[in-house]
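Colleague: What follows is a protein structure lacking sequence information:
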């Protein structure tokens, strides 16, 4: 292991040359004009993996191709890891806010030393190359990997992954593995690594409440005609009790309580709750009573109004009672909640409370259940050991209040759990001008990936 780590340290300049070559390709999947650049990035990654001894190829889809590469020299008894990353990037706009050309990567000075600045520096080209450099070190020093490794690089992650389900269905046998390893997340802070052990899911819905057959003059009909804006507002006002608890019957069925051990671990992170809210002009958490901000974000489900409208929206006044009113909602879900069941409950909740002369029409959006790793997952133990060895302290087991759709895709199409370990930071400006990846994070991430591969190999 020490020889492998030393190899990583002494070959960093060559690693950066490879990363910079990758970053120079403007593989913006959201813009059709860059479809050729995306294919160039896929071919570049395929050739890089092929030169490392992988059996590498493109997997064509109705959209952009995936890259699939295999190195199974460790033998059938070795653990089988499916590594996932993406070669596409976000648009660089607004260009005027960049301090350098987004597709001409540079090493710039930062408060923690040098930083790699370019679009895709951390999301996700830098994290992909960090992992592949750890793979390279194992092969060049030890002669082979300690695990069977399959690499999948997607080309549409930044555009909603419209072809991912097709790719996974087409390549189900080729992508069979013990688990998926994703390096596209953050550390807790520059000194504390993190494993994202839970993700909230999502269920989206739009409700439109209909009242009179047309907009009515509020002088001629006001006080007599039912106002659907008022009816909708009255129903939505009953959605939560005074303590912030969602009142939909059965909403919390299957939701596991936060364990004392988990609560203690989160408390030890030293999260600045007041500072977190102060940054967005707020002063106190508004979720359920009895839960701190991290528990509210990571372990408790929500019901959020994302938009509400009806009637006249232009300048000045127009005295109408509108024919309908609309609200858009999303529910952030935790493990144990099923999106369809939650939306069924919301629809019943609304219909049971609507007054006479109104009716509700619902349009459902996307949905995905919450995700949580089992505490006894062997690959989780390996990750904890590897990160502890590299950073000198145990990683934080954190959650994410948002969703990562690929995690659900792997569970649905391949039946696989996902290990989420990344080395980005909150100030990396992902999706924003001047995206960066601290050089120290790139380097320590590579070393940690190398340690994890070795730890996984010991499980054989």
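Modeller: It's in. Predicted model only: the values in this text are computed from it and were never measured.

Colleague: Do you know the pLDDT at residue 30?
Modeller: If you check residue 30, the pLDDT there is 96.

Colleague: ok, it touching residue 90?
Modeller: Yes - under the criterion of C-beta atoms under 8 Å, residue 30 is in contact with residue 90, at a separation of 7.3 Å. C-betas here are computed from N, CA, C, even on glycine.

Colleague: quick one, which of the two is more surrounded?
Modeller: When neighbours are counted by other C-beta atoms under 10 Å, residue 30 and residue 90 differ, and residue 90 comes out ahead with 19 against 13.

Colleague: which residues sit in contact with that one?
Modeller: Taking C-beta atoms under 8 Å, 6 or more residues apart in numbering, we find residue 90 in contact with 28, 30, 119, 123, 158, 430-431.

Colleague: Pull out the buried members of those residues.
Modeller: 28, 119, 123, 158, 430 (16 or more other C-beta atoms under 10 Å).

Colleague: between those, which is closest to residue 287?
Modeller: Of all the buried ones among the contacts of residue 90, residue 430 has the smallest distance to residue 287: 25.5 Å, by C-beta to C-beta.

Colleague: count of residues packed around the nearest residue to residue 341 once chain neighbours are set aside?
Modeller: Spatial nearest neighbour of residue 341, chain neighbours left out: residue 250 (7.5 Å); criterion: C-beta to C-beta, 6 or more residues apart in numbering. When neighbours are counted by other C-beta under 10 Å, residue 250 registers 13.

Colleague: Kindly report the same for the one 4 residues further on.
Modeller: The tally of other residues near residue 254 (other C-beta under 10 Å) stands at 14.

Colleague: doesn't residue 342 make contact with it?
Modeller: No - with contact defined as C-beta under 8 Å, residue 254 does not reach residue 342; the gap is 10.3 Å.

Colleague: what are the ranges of the helices in the stretch 301-450 of the chain?
Modeller: Assigned by DSSP state H, counting those that start in this stretch, the helices in the stretch 301-450 of the chain fall at 339-353, 378-391, 405-414, 439-457.

Colleague: List of residues touching the first one?
Modeller: Going back to what we said before, that points to helix 339-353. Applying C-beta under 8 Å, 6+ apart, the contact partners of helix 339-353 are 201-203, 205, 207, 209, 234-235, 238-239, 247-251, 303, 329, 331, 333, 360, 362, 364, 367-369.

Colleague: which element is residue 17 on?
Modeller: Assigned by DSSP states H and E, residue 17 belongs to helix 12-23.

Colleague: For that helix, buried residues please.
Modeller: Going by neighbour count (16+ other C-beta under 10 Å), the buried part of helix 12-23 is 15-16, 19-20, 22-23.

Colleague: mean confidence score for that helix?
Modeller: For helix 12-23, mean pLDDT is 98.

Colleague: and whichever helix or strand comes after that helix, what does it pack onto?
Modeller: Using DSSP H and E, the helix or strand that directly follows helix 12-23 along the chain is helix 35-51. Using 3 or more C-beta pairs under 8 Å, 6 or more residues apart in numbering; DSSP states H and E, the elements in contact with helix 35-51 are helix 12-23, strand 55-59, strand 66-71, helix 125-142, strand 148-154.

Colleague: let's see 7 Å
Modeller: The contact analysis (3 or more C-beta pairs under 7 Å, 6 or more residues apart in numbering; DSSP states H and E) places helix 35-51 against strand 55-59, strand 66-71.

Colleague: What are the buried residues along it?
Modeller: Buried, per 16+ other C-beta under 10 Å, within helix 35-51: 37-39, 41-42, 44-46, 48-49.

Colleague: picking up where we left off before, among the buried ones among the contacts of residue 90, which one sits closest to residue 138?
Modeller: Nearest to residue 138 among the buried ones among the contacts of residue 90: residue 123, at 25.0 Å, using C-beta to C-beta.

Colleague: how about the nearest residue to that closest one once chain neighbours are set aside, what does it touch?
Modeller: Nearest residue to residue 123, sequence neighbours excluded (C-beta to C-beta, 6+ apart): residue 430, at 4.3 Å. Neighbouring residues of residue 430 by C-beta atoms under 7 Å, 6 or more residues apart in numbering: 122-123, 424.

Colleague: Output these in TSV; the columns should cover pLDDT and distance to residue 313.
Modeller: Below are the contacts of residue 430 laid out as TSV (pLDDT from 0 to 100; distance: C-beta to C-beta, whole Å):
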residue	pLDDT	distance to residue 313
122	98	40
123	97	36
424	97	40
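
Colleague: just those residues now: which is nearest residue 82?
Modeller: Distances from residue 82 to the contacts of residue 430, taken as C-beta to C-beta, are shortest for residue 123 (20.0 Å).

Colleague: just to confirm, which helix or strand has that closest one in it?
Modeller: In the assignment (DSSP H and E), residue 123 maps to no helix and no strand.

Colleague: Tell me how far it lies from residue 157.
Modeller: 9 Å (C-beta to C-beta, to the nearest Å).

Colleague: number of nearby residues for residue 191?
Modeller: Neighbour tally, residue 191, other C-beta under 10 Å: 9.

Colleague: Quick check: the gap between the nearest residue to it once chain neighbours are set aside and residue 317.
Modeller: Once flanking residues are discounted, residue 191 sits nearest to residue 391: 7.1 Å by C-beta to C-beta, 6+ apart. Going from residue 391 to residue 317 by C-beta to C-beta gives 61 Å.
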